[in-house]
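Enquirer: Below are the sequence and a predicted model for it; my questions follow.
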Amino acid sequence: MMPAISRFALALGAAGLLSGCMASSGAQQVATWSDRPASSETLYLKRLKAIQGRETAEYDPLATIPGADPATAKLPAVVTGSIEASAIEAAARYASDNASSALLVWHKDSLVAERYFGEATASTELNSKSLSKPLTAIAVGRAITLGHIDNLDQPIADFVTEWKGTPKAAITIRHALAMHSGLLEQGFDMSADSPFPRAYLDPYHGQYIVDEYPLTDTPGTRFAYANAASDLMALLIERATGREYEEFVGNEIFRRINAPGGKVWLNREGGLAHSGCCMEVPAQTWLKVGALLVNDGMVGETRLLPEGFVAQVQQPSPDNPHYGLGVWLGSPYLEKRGYLGAKSNPTGVYHSEPYAAQDLYLFDGNGHQVVYLVPSEDLVIVRMGVTPPKGVTWDNAKLANTILRGIKR
């Protein structure tokens, strides 16, 4: 791992024009995306061809995320009794039937279910997809606690100084986390010149988002889900703290909640982490991240996140009642919830019925990676795995409601 100061020091150079996503000493440095080396275009096109051919990305290179000592980070033994055994078994059957790798249930400070399927084990590092997005909000909260960031309404341009004097200077941290940044809404055009693969596959993707990714709306005026807004958060954290994103998340979050670390995808060797997607950690890490939020940002008597921060994470966006700060909100009921939230579409995430708890909210990633959080019940449920078999419709309410209805009163 390169020294934490290197990217930060570079970010302060050239009147703030150098990117915090630069490589370490000896590697090519760029002041703008257009200054990137020619070799980066070759790598970009190679990645694009691969993803066009098999509809998935090769996560290379990977960087290590620090975590708690595996000897001490193990989950406690399963304690039965607070949830009906029949409910646990029904949830496990549903998970097993739908290509799951892990199902974990935490209730009232106890592990009440821990199941793994196929070749997965407690230590298997599973791809989290967009579970990574709410983690960016937690990283921001931790940076606020440590004094690196003032508050959620601070302009990103205080750190990404390239934006000063441009329309993007109006984007705040809250805007980005709430998908109200004004940045171009996510689309699926995978042609070489499209901004979507550029912001995802380019070896200088962070600098591309800063310099080139289109601003289509006045910041704060419209909900528009964009992966670029979440991937921007790694650069924000690095500029604000002077520490690599993966090191900051590992030491300031995972180790402090006694959770295992894992791997994160970098845009290139020595480059910037992808913060909006695809972190690879064991399922129990997400269980403990969920417990941190259910416990209002506290670990025992230690406050990791600012007082009131978790409540802000759960506040719905003005024009999308189903999205907070990186998290999806379970109420009001919507049978099929797509990226546009209340504007349902036929390909949205299916819910056969309303959630059985009004305060349920969730991390939700592609392939139905799900972390359900129910503060009123001190409940966290984690399901990870691959997309259910073709022809099977995943019911996003099924697992949560099965467990909720099994709670003994």
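Expert: Alright, I've got the coordinates.
Enquirer: which parts of the single longest helix found in the chain are buried?
Expert: Ordering each helix of the chain by length in residues (DSSP state H) puts helix 38-54 first. For helix 38-54, burial by neighbour count (16 or more other CB atoms under 10 Å) applies to 40, 44, 47-48. Where you see a C-beta, it was placed from the backbone N, CA and C, and this is true even at glycine.
Enquirer: which one of these sits closest to Ser230?
Expert: Arg47 (19.0 Å; CB to CB).
Enquirer: From one end of stretch 76-95 to the other, what's the distance?
Expert: By CA to CA, to the nearest Å, the extent of stretch 76-95 from end to end equals 22 Å.
Enquirer: circling back to that earlier point, kindly reformat the buried residues of helix 38-54 as CSV containing distance to Arg268 and pLDDT.
Expert: Below are those laid out as CSV (distance: CB to CB, whole Å; pLDDT from 0 to 100):
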residue, distance to Arg268, pLDDT
Ser40, 7, 96
Tyr44, 10, 96
Arg47, 10, 93
Leu48, 15, 93
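Enquirer: tell me the contacts of Ser275?
Expert: 132, 135-136, 139, 230-234, 237, 245 (CB atoms under 8 Å, 6 or more residues apart in numbering).
Enquirer: secondary structure class for the nearest residue to Ala170 once chain neighbours are set aside?
Expert: Nearest residue to Ala170, sequence neighbours excluded (CB to CB, 6 or more residues apart in numbering): Pro219, at 4.4 Å. Secondary structure, DSSP: H, G, I helix; E, B strand; the rest coil: Pro219 is coil.
Enquirer: Which parts of the stretch 251-400 of the chain are helices?
Expert: Listed in chain order, the helices of the stretch 251-400 of the chain (DSSP state H, counting those that start in this stretch) span 283-294, 309-313, 398-405.
Enquirer: So which other helices or strands are in contact with the longest one?
Expert: For helix 283-294, the helices and strands in contact under the criterion 3 or more CB pairs under 8 Å, 6 or more residues apart in numbering; DSSP states H and E are strand 100-107, helix 132-145, strand 369-374, strand 379-385.
Enquirer: Let's see that with 6 Å instead.
Expert: strand 100-107, strand 369-374, strand 379-385 (3 or more CB pairs under 6 Å, 6 or more residues apart in numbering; DSSP states H and E).
Enquirer: which residues does the nearest residue in space to Thr387 that is not next to it in sequence contact?
Expert: Excluding its sequence neighbours, the residue lying closest to Thr387 (CB to CB, 6+ apart) is Gly367, at 4.3 Å. Residues in contact with Gly367 (CB atoms under 6 Å, 6 or more residues apart in numbering) are 129, 386-387.
Enquirer: repeat that with 10 Å
Expert: 99, 127-130, 384-388, 394 (CB atoms under 10 Å, 6 or more residues apart in numbering).
Enquirer: cool, and Leu304?
Expert: 138, 141-142, 145-146, 252-253, 256-257, 292, 295, 297-298.
Enquirer: Quick one: buried ones out of these?
Expert: Neighbour counting over the contacts of Leu304 (16+ other CB under 10 Å) leaves 138, 141-142, 145, 252-253, 256-257, 292, 295, 297-298 as the buried ones.
Enquirer: Which pair of those spans the longest distance?
Expert: Glu252 and Asn295 (16.6 Å).
Enquirer: that older thread, for my notes, please list the helices and strands packed on helix 283-294 in JSON lines and give distance to Gln314, mean neighbour count and mean pLDDT for each entry.
Expert: JSON lines is the format used below for the helices and strands packed on helix 283-294 (distance: least, CB to CB, whole Å; neighbours: other CB atoms under 10 Å; pLDDT from 0 to 100):
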{"stretch": "strand 100-107", "distance to Gln314": "18", "mean neighbour count": "24", "mean pLDDT": "98"}
{"stretch": "strand 369-374", "distance to Gln314": "9", "mean neighbour count": "26", "mean pLDDT": "97"}
{"stretch": "strand 379-385", "distance to Gln314": "15", "mean neighbour count": "26", "mean pLDDT": "97"}
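Enquirer: now for these, which one comes closest to Lys74?
Expert: Per CB to CB, nearest to Lys74 of the helices and strands packed on helix 283-294: strand 100-107, 12.8 Å.
Enquirer: Please tell me how far the closest one is from the chain's geometric centre.
Expert: 18 Å (CA atoms, centre = their mean, to the nearest Å).
Enquirer: ditto for stretch 396-409
Expert: The mean C-alpha position of stretch 396-409 is separated from the chain mean by 25 Å, CA atoms, centre = their mean.
Enquirer: Ends of it, what's the gap?
Expert: 24 Å.
Enquirer: Averaged pLDDT, it. What do you get?
Expert: When pLDDT is averaged over stretch 396-409, the result is 97.
Enquirer: got the buried residues for that stretch?
Expert: Those would be 396-404, 406-407, for stretch 396-409 by 16+ other CB under 10 Å.
Enquirer: now do stretch 324-339
Expert: Buried residues in stretch 324-339, counted by 16+ other CB under 10 Å: 324-330, 334, 337-339.
Enquirer: Could you export the residues you listed as TSV, including pLDDT and distance to Ala157?
Expert: Supplementary listing: the buried residues of stretch 324-339 in TSV, determined by pLDDT from 0 to 100; distance: CB to CB, whole Å:
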residue	pLDDT	distance to Ala157
Gly324	97	23
Leu325	98	19
Gly326	97	21
Val327	97	25
Trp328	97	28
Leu329	97	29
Gly330	96	34
Leu334	91	35
Arg337	89	32
Gly338	84	31
Tyr339	74	26
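Enquirer: Which one of these is nearest to His180?
Expert: Nearest to His180 among those, with distances taken as CB to CB, is Leu325, at 10.2 Å.
Enquirer: Make sure the closest one is actually in contact with Gln314.
Expert: Yes. Between Leu325 and Gln314 a contact is recorded at 8.1 Å, counting by CB atoms under 10 Å.
Enquirer: Show me the one of the helices and strands packed on helix 283-294 that comes nearest Lys168.
Expert: Within those, the stretch nearest Lys168 is strand 369-374; the backing value is 30.4 Å (CB to CB).
Enquirer: Partner strands of the closest one, with direction?
Expert: Using DSSP bridges, strand 369-374 pairs in its sheet with strand 361-365 (antiparallel), strand 379-385 (antiparallel).
Enquirer: Would you format those as TSV with distance to Asn151 included?
Expert: As requested, these are exported to TSV (distance: least, CB to CB, whole Å):
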stretch	distance to Asn151
strand 361-365	22
strand 379-385	27
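Enquirer: Ala91: which of these is closest?
Expert: Per CB to CB, nearest to Ala91 of those: strand 379-385, 7.9 Å.
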